[in-house]
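got a predicted model here, sequence first, then my questions.
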Amino acid sequence: MTEQDSPTAAAVWAVALVVVTGAVLAALDWAVLVLHGLTYGMAQVIGTSELSPPDTDRYGWALAVGVVVDVVATAAVLWLLRHAAVQWPSWATALLAAAVGGVVAACALLAVLGINPLDVLPFR
């Protein structure tokens, strides 16, 4: 194992990728907030007021939960892969860990907002 493919190198790659997945989570949170606002506005114009107005505190809380879950899940996957993926390049190990962490974090973010993450899947 070279120094470039050490577990420390995978952790450095993972930190960089967690920053990217955190930005993607922020974009997802913002997009859902905008869609909620647009839907609420249309419901007010049409006259049906069965929707609650967007609560920005709830969206901030969802983003915070998503980022924490992302960091913890990525670290857990890196820890689980510490021996199994020694033959992989460090960037590939970190990419797999960040991808799993990002998917789990996106599901947690949507769940906090009251959206079933499985409803997003097209084949359901």
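Cool, got the structure. Numbering: from 1, shown residues only.

where do the strands sit along this structure?
Counting by DSSP state E, the chain has no strands to list.

for it, where's the lowest mean pLDDT among helices and strands?
Counting by mean pLDDT, DSSP states H and E, the chain has its least confident helix or strand at helix 7-46, which shows a mean of 90.

what's it packed up against?
The helices and strands touching helix 7-46, judged by 3 or more Cβ pairs under 8 Å, 6 or more residues apart in numbering; DSSP states H and E, are helix 56-80, helix 90-112. C-beta here means a position set from N, CA and C on the backbone, and glycine is covered the same way.

go through that helix and flag the buried ones.
7, 9-11, 13-14, 17-18, 21-22, 25, 28-29, 32-33, 36 (16 or more other Cβ atoms under 10 Å).

what does stretch 96-105 give?
Here stretch 96-105 shows 96, 97, 98, 100, 101, 102, 104, 105 as buried, counting by 16+ other Cβ under 10 Å.

with just CA atoms, put that stretch into PDB.
Only the C-alpha atoms of stretch 96-105 are listed here, as PDB (Å, rounded to 0.1, in the frame of the first residue of the first chain):
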ATOM      1  CA  LEU A  96     -18.200   5.100  -2.400                       C
ATOM      2  CA  ALA A  97     -18.400   6.200   1.200                       C
ATOM      3  CA  ALA A  98     -19.500   9.800   0.300                       C
ATOM      4  CA  ALA A  99     -22.100   8.400  -2.200                       C
ATOM      5  CA  VAL A 100     -23.600   6.100   0.400                       C
ATOM      6  CA  GLY A 101     -23.500   8.900   3.000                       C
ATOM      7  CA  GLY A 102     -25.100  11.400   0.600                       C
ATOM      8  CA  VAL A 103     -28.000   9.100  -0.300                       C
ATOM      9  CA  VAL A 104     -28.700   8.300   3.400                       C
ATOM     10  CA  ALA A 105     -28.500  12.000   4.300                       C
END
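
this completes my enquiry, with thanks.
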